[in-house]
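# Build me a structure from this.
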Amino acid sequence: MRRGTRGPAWLGAAPVTALALALALIAGGFAAWAGWGWYHAAHDDTSGYAEQRDAALAAGEQAVQNLNTLDHRGIGRGLDLWESSTTGELHEQLVSGREKFTTQVKTAKTVTTAKVLSGALTEFDTRAGRARVLVALRVTVKAPGDASTDKDSRMLGELTRTHGDWKLSALGQAPVGGTPAG
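Residues are numbered from 1 along each chain as shown. Modelled structure (predicted):
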């Protein structure tokens, strides 16, 4: 520093240049930080995991709804939907009992519809291709000559990933309140 000047020589001559340089360095640092954040977000598997979780939940809710909906007037289509929503032992049970169940539903002439009220995954393992779902639904049953009846229920389902799709491999009634699971 020279005597009689107020700052470094390079600052004294061009304060606007120094300010521009400082702003350029700050802008460059911000651009580098934002670019790194964008790259990291684009290559992070968190969003992929969330998408898989959402797909499993949606498939589980739909499958539980499918297995609680059946119209005696289109029983073949309904049971086909049941079978396409399931895998494993549950699927085998539905296929083996199809003829007997068809006779029962045609004789009763019932129409059963289900509406999902809410659902949640209770377990999710993408590596093993397994998940568990809890679904609350309202089931409406209409028999000939009777008024329709509504029943709210909670179902626990196990899902298995098959060829990229999630299907029910087990389904049962969830315990309510202090009732033990059966």
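# what comes up buried for the host helix or strand of residue 116?
Using DSSP states H and E, residue 116 falls within strand 111-125. Going by neighbour count (16 or more other Cβ atoms under 10 Å), the buried part of strand 111-125 is 111-114, 116, 119, 124. (C-beta placed from N, C-alpha, C; glycine too.)
# For the longest helix belonging to the chain, the averaged confidence score.
Ranked by number of residues, the top helix in the chain under DSSP state H is helix 15-42. What helix 15-42 shows for mean pLDDT is 85.
# the strands in this structure, which residues?
70-71, 111-125, 130-142, 149-162, 165-173 (DSSP state E).
# And the residue nearest the centre of the chain, how far from residue 48?
For the chain, residue 54 is the residue whose C-alpha lies nearest the centre (Cα atoms, centre = their mean; 2.2 Å). Distance from residue 54 to residue 48, counting by Cβ to Cβ, to the nearest Å: 11 Å.
# And residue 64, by the same measure?
25 Å.
# Between those two, tell me which one has more neighbours.
Per other Cβ atoms under 10 Å, whichever of residue 64 and residue 48 has more neighbours is residue 64, with 27 against 10.
# wait, that one sits on residue 116?
Yes. Contact criterion Cβ atoms under 8 Å: residue 64 and residue 116 qualify, at 7.0 Å.
# okay, and the common contacts of the two?
135, 137 (Cβ atoms under 8 Å, 6 or more residues apart in numbering).
# thinking again about what came up before, how about the buried residues of strand 111-125 in CSV, adding pLDDT?
Shown next, in CSV, are the buried residues of strand 111-125 (pLDDT from 0 to 100):
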residue, pLDDT
111, 95
112, 96
113, 96
114, 97
116, 98
119, 97
124, 96
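# just those residues now: which is nearest residue 142?
residue 111 (4.6 Å; Cβ to Cβ).
# OK, contacts around residue 60?
119, 121, 131, 133, 135, 157, 159, 166, 168.
# again with residue 117
136-138, 152.
# can you check residue 132 too?
121-124, 156-159.
# Could you list the low-confidence segments of this structure?
1-13, 45, 178-182 (pLDDT under 70).
# repeat that for 80
Along the chain, segments meeting pLDDT under 80 span 1-16, 18, 40-47, 176-182.
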